[in-house]
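Asker: sequence first, then the predicted structure, then my questions.
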Amino acid sequence: MTLPNQSIPGIPRRQFLQGAALGLGSLGLSSQQTSPALASSESEQSVHFAPRAKRVIFLFMAGGPSQLELLDHKPTLKRFHGTPIPENLIRNDRFAFIKGRPNLAASSFRFRRHGESGAEISELLPHLAKVSDDIAIVRSLHTDAFNHDPAVMFLNSGSTLTGRPALGAWLNYGLGSENQQLPGFVVLASGASEGPPVGYHHWTSGFLPTTHQGVRFRSHGDPVLFASSPPGVTRKVRRQTLDALRDLNKIQFESLGDPEIITRIKSFELAFQMQVSVPELTHLAQETDSTLQMYGAEVGQTSFANNCLLARRMVERGVRFVQLYHRHWDHHGFNSTDQNVMHALPQRCREIDRPAAALLTDLKQRGLLDETLVVWGGEFGRTPMVQGTASATRLGRDHHPDAFSVWLAGGGVRSGITLGTTDDLGYHVAEDPVHVHDLHATILHLMGIDHLALTHRHQGRDFRLTDVAGEVVTKLIA
């Protein structure tokens, strides 16, 4: 893949950047209307092979949902409930809060098999169970970090270090935008603010051009800050102002040769187009009552349901990567309700189960699921051992990076399968391990990108999303 920051032999780097970037900067910027047509030719030139998916919706459950209560049934835990975990299993392991040799804890929630696939899914996810034949459950994911922020960074960017490009930024960088009136990478957030925070560094473009970073849509006021013009500033005046700024920025670029100046030109132009596109996009009252009811969405409210419906509207319009953060899945059992698996986890599931299933159903009935990859999961799972003292109404679990569950659907994913197993206690992966780098390699593959070839030179070396690892999980691909 030819990279924007590489020179062509025989042409000085600055001259190449000036010529290429000025061409990009002037393309479509001289007129007052940018065509809303999808820029499919840009994507076709960028892929390494025929893509199975065109867009991604990532449903991120921030805090680490318990796989043992949701997707990884462990009946053996019932036999050993309340007994100490075998010492050899946890020797030399580190935990966020657990100390000593803790007791094992079984789930109090029932599992049943569903659909033709026979997928085992918890009673906490009844709506997901109804679409179980459309999803692939991975029970063998593992990661490198056991604390929240490094783990969120790792699942987003393939690195525990803050400042690396997020997956959405890499996809935008590799494939370009499909819609010139909307960002290619959009972030939505919902759920209680308690627990580990989510923030800008989780959807940053890192060392990639800043035009690829995620754009956070807000729940109140303007969906995007400053999308509305100040009082007295007409659209014509705004257009004239941006044209003048564009010309000044071009002059500065000719002097300095800094490609970020071209990014600034493109960002200003996108912001101008978003003043029209974003209000229409976020106007959920355009949806039918039956659609709103299917998601459980309410016009004018803030919820995961509303965000799922917005995500469908975004991918319909060609947004490349939509990431929904739903917070407060960190259930340690510190108190009786807010962080208790017995109370808080069912509440989180009630908030996300119906909308997530509705999203799959809606995409499928609109013919969009085949070209939209949907991923659900958190930064890690939870331990099979109890944190603190368990009771009939109280249960807490610590962070567990060594084995946890996610599910995927659409976009070339082999539906109706369960991949990977964990040991009888749910502590270690026993079969078909999938590392986060493997998950990233597979997502890129489904989007038509060879993860080994999508690189960017920074500080003297080539970086990629999967670092120096990662293999495509072929068993997940239809």
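Answerer: That came in fine, so what should we check first? Residues are numbered from 1 along each chain as shown.

Asker: in the stretch 201-350 of the chain, which spans are helices?
Answerer: 235-256, 259-281, 289-295, 304-316, 344-365 (DSSP state H, counting those that start in this stretch).

Asker: how close does the closest residue to Gly378 other than its chain neighbours sit to Leu476?
Answerer: Spatial nearest neighbour of Gly378, excluding adjacent residues (Cβ to Cβ, 6 or more residues apart in numbering): Met61 at 4.1 Å. Yep, even glycine has a C-beta here, placed from its N, CA and C like the rest. According to Cβ to Cβ, to the nearest Å, Met61 stands 20 Å off from Leu476.

Asker: what's the answer for Leu444, then?
Answerer: Separation of Leu444 from Leu476 (Cβ to Cβ): 13 Å.

Asker: so the two - more neighbours on which side?
Answerer: Leu444 (28 against 23; other Cβ atoms under 10 Å).

Asker: in the protein, where is pLDDT below threshold?
Answerer: The chain contains residues with pLDDT under 70 at 1-46, 194, 220-221, 226-227, 335-337.

Asker: go again with 50.
Answerer: 1-45 (pLDDT under 50).

Asker: domain map for it?
Answerer: Using automatic domain parsing, the domains assigned to the chain come out as 52-223+289-476, 228-281.

Asker: can you give me the first-to-last residue distance of the longest one?
Answerer: With Cα to Cα, to the nearest Å as the measure, domain 52-223+289-476 spans 12 Å from end to end.

Asker: from here on, call the first residue 35.
Answerer: Fine by me, first position is 35 from now on; the one you just mentioned is domain 86-257+323-510.

Asker: return the distance of that domain from the chain's centre.
Answerer: Centre-to-centre, domain 86-257+323-510 and its host chain are 8 Å apart (Cα atoms, centre = their mean, to the nearest Å).

Asker: for Val267, see how far away Leu105 is.
Answerer: Distance, Leu105 to Val267, using Cβ to Cβ: 51 Å.

Asker: who has more neighbours out of those two?
Answerer: Ranked by neighbour count (other Cβ under 10 Å), Leu105 and Val267 place Leu105 first, with 28 against 11.

Asker: residues in contact with the more buried one?
Answerer: Contacts for Leu105 were tallied using Cβ atoms under 8 Å, 6 or more residues apart in numbering; they are 154-156, 171, 173, 439, 441.

Asker: what helices or strands is whatever helix or strand Trp204 lives in leaning on?
Answerer: Assigned by DSSP states H and E, Trp204 falls within helix 201-209. On a contact count with 3 or more Cβ pairs under 8 Å, 6 or more residues apart in numbering; DSSP states H and E, helix 201-209 meets helix 74-80, strand 89-95, strand 219-224, strand 355-360, helix 470-480.

Asker: again, only using 6 Å
Answerer: If you count contacts as 3 or more Cβ pairs under 6 Å, 6 or more residues apart in numbering; DSSP states H and E, helix 201-209 packs onto helix 74-80.

Asker: quick one, which of the domains of the chain is packed in tightest?
Answerer: domain 86-257+323-510 (a mean of 20; mean count of other Cβ atoms under 10 Å).

Asker: how far does stretch 314-328 stretch from start to finish?
Answerer: Counting by Cα to Cα, you get 21 Å between the two ends of stretch 314-328.

Asker: ok, now stretch 482-495?
Answerer: One end of stretch 482-495 sits 24 Å from the other (Cα to Cα).
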